[in-house]
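Engineer: Structure, please.
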Amino acid sequence: MTAEPPRLRNLSPVLLRQRLANASVELDYGAAVVRVGSDLAGFVADLQRVYGAFSLADATFADFHTQVRRGSGVRAYLRPQSRFLIDGIQPFDPFPREQALAHFEWGVNWCFAQRFNQHVLLHAGALALADQGVIMAAHAGPR
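Structural biologist: Residues are numbered from 1 along each chain as shown. Have a look, this model is predicted:
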């Protein structure tokens, strides 16, 4: 019997904040390992709540090196922003800081679509109301 891999939810918030500050959180997505770093305090709780079930990879190699950073200059204080970076490059405009988790999620999705297209790409959306839902599948990529 093999031991269950450590999960993101098992890290204390203090340890997770420290590891994010050092960009040393490696999430195992199955097909890829995503290294995450962040200097946003609010991002810590959001990441742990949504990605808590993800296994932590003990990896010296990561397929994607991502960061979610605060806005620079005046934007660090006035209408605070989050910035998504991949390999130190910011491919998107900043988002409001409250949307840092969504910014991370969309950024990682973009990374997979741009750099990991040797795997099957699916595109779908979902709508839910009460206990009913519908999944809307779509063609993956441009037509």
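Engineer: Remind me what the longest helix belonging to the chain packs against, helices and strands.
Structural biologist: If you go by DSSP state H, the chain has its longest helix at helix 100-115. Judged by 3 or more C-beta pairs under 8 Å, 6 or more residues apart in numbering; DSSP states H and E, helix 100-115 is in contact with strand 33-38, helix 41-51, strand 64-70, strand 81-86. C-betas here are computed from N, CA, C, even on glycine.
Engineer: Point out where this structure drops to low pLDDT.
Structural biologist: Within the chain, the ranges that satisfy pLDDT under 70 run 1, 119-123, 138-143.
Engineer: now with 90?
Structural biologist: 1-5, 30-31, 41, 58-60, 71-79, 109, 112-129, 133-143 (pLDDT under 90).
Engineer: Isn't residue 137 up against residue 124?
Structural biologist: Yes: using C-beta atoms under 8 Å, residue 137 is in contact with residue 124, at 4.7 Å.
Engineer: just to revisit the earlier point, out of the helices and strands packed on helix 100-115, which is closest to residue 98?
Structural biologist: helix 41-51 (7.5 Å; C-beta to C-beta).
Engineer: The closest one versus strand 64-70: what angle between them?
Structural biologist: Per axes from the mean of the first three to the mean of the last three C-alpha atoms, to 10 degrees, the angle that helix 41-51 makes with strand 64-70 is 140 degrees.
Engineer: Following the chain onward from helix 41-51, which element is next?
Structural biologist: Using DSSP states H and E, the helix or strand that follows helix 41-51 in sequence is strand 55-56.
Engineer: And that next one, how far out from the chain middle?
Structural biologist: 13 Å (C-alpha atoms, centre = their mean, to the nearest Å).
Engineer: Output the contacting helices and strands for that strand.
Structural biologist: For strand 55-56, the packing partners by 3+ C-beta pairs under 8 Å, 6+ apart come out as strand 25-28.
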